[in-house]
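S.K.: fold the following and give me the result.
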Amino acid sequence: MTGNRVIIRERYLDMLRAGEGTPFVKVLTGIRRCGKSTLMRMFVDDLVSRGVDAGSIICMDFDLDPDSVPAGPSDLLARIRESLVPGPGTYVFLDEVQNVKGWETAVLSLYTAGADVYITGSNSEMLSSDIATRLSGRCIEIRVHPLVFSEYVLFRESSGKSVDHLLDEFLSDGGMPAVASSEDSPAKRLIPQMLEGMFATVYSTDIIDREGIRNPAMLHSIIRFLMRNIGNRTSSRRIANYLSSKGQRIAVSTVEEYLRRIESAFLLTRSERVDPSTMEYLSTTDKFYASDLGMRNAVIREQPGDRAMMIENIVFNELLFRYGSAATADVNGNEVDFVAGKGDAREYFQVCVSLADGETLERELRSLRAIKDSYPKTVITYERHPATDIDGIRVVRLADWLLG
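M.R.: Sure thing, here's the model as predicted:
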């Protein structure tokens with residue numbers, strides 16, 4: 001929202017429309033404050049605009065007022081039945097449902113009654129594997145991300161600023177909707193505090209409190225390490241060795257458990273390492289990327305040399321938005337930043353700040369040339385390069401690719 005203007009996130013609404021009426025619970029997951037609740041409200045408005053009776057829809061939010069959270073599944077069902085009788089033709093929307101103990105029992109009951117059920121969640125209880133287990137496989141997960149750049153430009157189109165200017169602000173402040181809607185208002189000066197508050201809520205509510213973390217200081221050190229090293233190859237052992245060198249001794253197994261919990265809160269996302277010839281996972285080292293660069297920059301102040309890793313982070317998040325997943329490719333020891341695609345199709349991507357230097361140009365092309373299949377290969381560069389194709393490898397400016 002910019003002023004009173006609402007930006008419709010059509011990609012997600014199309015997914016919700018496609019899921020409407022299917023025999024599955026629709027589950028919106030993603031980091032807190034990325035826009036799941038707004039999407040849910042947008043879809044309710046969409047239903048009503050298409051002729052669905054508002055009396056057949058119920059919406060409940062279990063995040064704003066903790067004291068109003070139902071005591072359990074029976075209490076939740078009783079409250080719903082005060083407004084409507086769940087059944088075919090009824091719609092139930094439950095926001096941050098993980099705050100209700102035993103929520104899956106109520107959701108399955110609503111599903112069995114024939115209601116079309118939609119839920120949102122922000123932490124580990126709403127991960128794909130856990131949802132599938134809790135709902136006996138009767139669910140469709142829709143992962144919601146902070147704004148990607150094309151959505152961010154829509155939020156900011158009344159600003160009058162150039163695409164390049166907006167991209168620089170996006171790199172610095174990220175794509176949380178509340179932040180984007182504050183960029184062109186007096187609240188802009190408060191954006192650092194907003195981002196710090198968002199991180200603090202995810203850190204304390206969705207990781208420490210929810211997961212029962214006993215050593216918050218160690219957790220914070222691991223998060224800072226990952227945020228400082230986004231896009232760098234790392235491992236649990238490397239993290240443990242680094243912390244030990246700083247006087248914080250920790251077992252590798254404990255680091256692995258903390259990493260799981262950090263990913264569970266959608267704070268960072270892992271890019272696994274794969275062999276492109278088989279697309280099988282290589283259990284060596286992985287990379288981690290921040291779900292939102294603004295939150296990352298609130299934890300680790302942006303440094304002059306961070307630009308390369310930050311644009312790589314944006315490309316990774318864009319690939320997740322477009323394809324649902326992305327991985328790092330290892331080609332006989334040569335690293336390709338990302339491989340992504342759907343079905344049998346795939347594409348390879350290298351990301352850099354500039355190709356002006358001959359050594360950089362050769363390094364970026366070398367890894368792509370090492371791949372012997374015929375799938376498309378692209379170099380994405382922050383600075384415009386005069387060539388758009390080099391030996392069949394596409395070269396494209398970051399801003400153009402993000403908006404393409």
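S.K.: quick one: average pLDDT of stretch 89-100?
M.R.: Mean per-residue pLDDT for stretch 89-100: 93.
S.K.: let me fix that, I meant to ask about stretch 46-64.
M.R.: In this model, stretch 46-64 has a mean pLDDT of 93.
S.K.: how about stretch 315-328?
M.R.: 96.
S.K.: chain center to that stretch: distance?
M.R.: 9 Å (CA atoms, centre = their mean, to the nearest Å).
S.K.: now it: buried residues?
M.R.: By neighbour count with 16 or more other CB atoms under 10 Å, stretch 315-328 contains the buried residues 315-321, 323, 326-328. Heads up, the C-betas are built off the backbone N, CA and C, glycines and all.
S.K.: now, these that are in helices?
M.R.: 315-321, 323 (DSSP state H).
S.K.: how about Glu263, secondary structure?
M.R.: Secondary structure for Glu263, judged by DSSP: H, G, I helix; E, B strand; the rest coil, is helix.
S.K.: ramachandran angles for the closest residue to it other than its chain neighbours?
M.R.: Nearest residue to Glu263 in three dimensions, chain neighbours excluded: Arg270, at 6.1 Å (CB to CB, 6 or more residues apart in numbering). Arg270 has phi and psi values of phi -90, psi 140 when expressed as degrees, to the nearest 10.
S.K.: pLDDT value on Arg270, please?
M.R.: Taking Arg270 on its own, its pLDDT is 95.
S.K.: and stretch 53-70, end to end?
M.R.: 26 Å (CA to CA, to the nearest Å).
S.K.: any weak-confidence spans in the stretch 301-404 of the chain?
M.R.: Low-confidence segments of the stretch 301-404 of the chain (pLDDT under 70): none present.
S.K.: that one: strands as residue ranges?
M.R.: With strands called from DSSP state E, counting those that start in this stretch, the stretch 301-404 of the chain shows them at 327-331, 334-340, 347-352, 377-381, 389-390, 393-397.
S.K.: ok, residues contacting the fifth one?
M.R.: In this structure, residues lying in contact with strand 389-390 by CB atoms under 8 Å, 6 or more residues apart in numbering are 361, 365, 379, 395.
S.K.: swap in the last one?
M.R.: The set of residues that contact strand 393-397 without belonging to it, under CB under 8 Å, 6+ apart, is 355, 365, 368-369, 376-385, 387-389, 404.
S.K.: switch to 7 Å and redo it
M.R.: Strand 393-397 has contacts (CB atoms under 7 Å, 6 or more residues apart in numbering) with 355, 365, 368, 376-381, 384-385, 387-389.
S.K.: what's the answer for the second one, then?
M.R.: Strand 334-340 is touched from outside by 274, 276, 312, 315-316, 319, 323, 325-329, 346-351, 366-368, 370-371, with contacts defined as CB under 7 Å, 6+ apart.
S.K.: assumed Thr284 was part of a helix.
M.R.: No. Assessed with three-state DSSP, Thr284 is coil; it does not lie in a helix.
S.K.: tell me the contacts of it?
M.R.: For Thr284, the contact set (CB under 7 Å, 6+ apart) comprises Arg273.
S.K.: leaving out sequence neighbours, find the closest residue to the residue nearest in space to the middle of the chain.
M.R.: Nearest residue to the geometric centre of the chain (CA atoms, centre = their mean): His145, 3.9 Å. Spatial nearest neighbour of His145, chain neighbours left out: Phe321 (5.5 Å); criterion: CB to CB, 6+ apart.
S.K.: is it true that that neighbour touches Ser150?
M.R.: No. Contact criterion CB atoms under 7 Å: Phe321 and Ser150 do not qualify, at 9.0 Å.
S.K.: quick one: Ile230 and Ile208, what's the gap?
M.R.: Counting by CB to CB, to the nearest Å, the separation of Ile230 from Ile208 is 22 Å.
S.K.: of those two, which one has the most company?
M.R.: Ile230 (22 against 18; other CB atoms under 10 Å).
S.K.: check whether that one sits in a helix, strand or coil.
M.R.: Secondary structure, three-state DSSP: Ile230 is coil.
S.K.: now do the contacts for it.
M.R.: Counting by CB under 7 Å, 6+ apart, Ile230 touches 288-290, 296, 309, 313.
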